[in-house]
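> Only the shape, not the letters, is given here:
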Ligand code: ADP
């Protein structure tokens, strides 16, 4: 292969730039040119006024400058048009016209579906799991998860310090719409006493009972770590009650939910409970050494796979080592939730 492309798609994650840099270094090593495709699959559709806003030849020096920066230099975005077969055919024409012979796709499971479609249309792709959620079963860690986790742990420790000073409990909401891994590990890492996640049904009553028990046992500054998607696993009748009380029909913003939980717990436990929603700080940090290492090896492996004619693969970590497997098999794997750790946090 003489020319390959690279794109970042879906939600941004720390380490995306580092992965692009590793791809760029490896491509240079093999004398291949590298095209940066902008804003996920949007760039392949070439709809901007200038081609430079869609696909540009990447200059290694520029890329090395941003390798350790958070965010993604290539930008990222959803591209709903890419779900349409006729638009994908149009994208493949543009890819051929640019002389791109293979693409490294850095993103989550949605982006992997897009990569699979491109492979079927004759454009070999290799995926790198760029998402903080850690929701891909085939890999022990996704790229950005370690950084997000450390960011949450830092923030939760800070919140726990002030909770301790004032002898009052705190609720911290972290990211994770369908996957509670960030909440689970962040809770375990910081010694938080209660954790709620989307994978396990829970109720406000349970949480408040546990909080009261902790209070009676002398712990007046417990921390409750909540994954943002946990609102969906809250027992239905409580949710319904909340929606009726607030005359809400549609999806309720999770900030309201966290504040609501704090309000109810305040009433039930008769103690001040302070809510904090951590939000995007988790996605915008400089990548940890672990994520930068993973990005480096993954970017290198991705280029090597493409130049050896091996497409339709995704890269992950297994037994602490970087490896690859077919996209379709990776997407078929089912995530196993660590219920043992969950029970440990919520019972000790
Ligand atoms: P993530 O990659 O983080 O899971 P999304 O689910 O938003 O993020 O997917 C990112 C992009 O991948 C979508 O905006 C779309 O362009 C592309 N994509 C997702 N699913 C498919 C699909 N089934 N076929 C083709 N492209 C897809």
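Ah, there it is. The structure displayed is predicted, hence computed values, not measured ones. Numbering: from 1, shown residues only.
> make it CA atoms for all contacts and neighbour counts henceforth
OK.
> dump the residue contacts of residue 272.
168, 169, 266 (CA atoms under 8 Å, 6 or more residues apart in numbering).
> from what I can see the second one touches residue 221, true?
By that I understand residue 169. Yes - judged on CA atoms under 8 Å, residue 169 makes contact with residue 221 at a distance of 4.1 Å.
> Looking at the two, which one has more neighbours?
residue 169 (27 against 24; other CA atoms under 10 Å).
> picking up where we left off before, which ones among the contacts of residue 272 lie within helices?
The helices, defined by DSSP state H, take in residue 266 from the contacts of residue 272.
> Please produce CSV containing the contacts of residue 272, extended by distance to the ligand and pLDDT.
As requested, those are exported to CSV (distance: CA to the nearest ligand atom, whole Å; pLDDT from 0 to 100):
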residue, distance to the ligand, pLDDT
168, 36, 93
169, 33, 95
266, 36, 86
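> Which of the contacts of residue 272 sits closest to residue 119?
residue 169 (51.0 Å; CA to CA).
> quick one: contacts for that closest one?
163, 220, 221, 222, 223, 224, 272, 273, 274 are the contacts of residue 169 under CA under 8 Å, 6+ apart.
> Name the nearest residue to the spatially most central residue of the chain, ignoring sequence neighbours.
Nearest to the geometric centre of the chain sits residue 132, at 2.4 Å (CA atoms, centre = their mean). Nearest residue to residue 132 in three dimensions, chain neighbours excluded: residue 145, at 4.1 Å (CA to CA, 6 or more residues apart in numbering).
> same deal with residue 229?
residue 177 (3.9 Å).
> so how many other residues sit close to that neighbour?
With other CA under 10 Å as criterion, residue 177 counts 16.
> would you say it is within a helix?
No - Residue 177 is assigned coil when assessed by DSSP: H, G, I helix; E, B strand; the rest coil, not a helix.
> what's it in contact with, if anything?
Residue 177 neighbours (CA under 8 Å, 6+ apart): 198, 227, 228, 229, 230.
> Please report phi then psi for the second one.
The phi and psi values for residue 227, taken as degrees, to the nearest 10, are phi -80, psi 140.
> any idea how far it is from residue 10?
19 Å (CA to CA, to the nearest Å).
> who has more neighbours, these two?
Each of residue 227 and residue 10 has its neighbours counted (other CA under 10 Å); residue 227 has more, 27 against 22.
> Surely the residue nearest to the centre of the chain is in contact with residue 151?
No - assessed by CA under 8 Å, residue 132 is found out of contact with residue 151, at 11.1 Å.
> SS state for residue 314?
Residue 314 is classified as strand under three-state DSSP.
> List the beta-bridge partners for the closest residue to it other than its chain neighbours.
Distance criterion CA to CA, 6+ apart; nearest residue to residue 314, sequence neighbours excluded, is residue 127 at 4.3 Å. Beta-bridge partners for residue 127, by DSSP bridges, are residue 105, residue 314.
> Residue 127 - how many residues pack around it?
Count around residue 127 with other CA under 10 Å applied: 33.
> Could you report the separation of it from residue 292?
16 Å.
> Show the contacting residues for residue 186.
Residue 186 neighbours (CA under 8 Å, 6+ apart): 149, 150, 152, 153, 156, 225.
> one step back: so the residue nearest to residue 132 makes contact with residue 131?
Yes - counting by CA under 8 Å, residue 145 does reach residue 131; the two are 6.8 Å apart.
> anything in contact with each of these two?
With CA under 8 Å, 6+ apart, residue 145 and residue 131 have common neighbours residue 13.
> In helices only, show me the contacts of residue 177.
Among the contacts of residue 177, no member lies in helices (by DSSP H).
> Check those residues and tell me the two furthest apart.
198 and 228 (8.0 Å).
> The two: which has the busier surroundings?
Per other CA under 10 Å, whichever of residue 198 and residue 228 has more neighbours is residue 228, with 28 against 22.
> How about the contacts made by that one?
Per CA under 8 Å, 6+ apart, neighbours of residue 228: 173, 174, 175, 176, 177, 197, 254.
> Recalculate using a threshold of 6 Å.
174, 175, 176, 177 (CA atoms under 6 Å, 6 or more residues apart in numbering).
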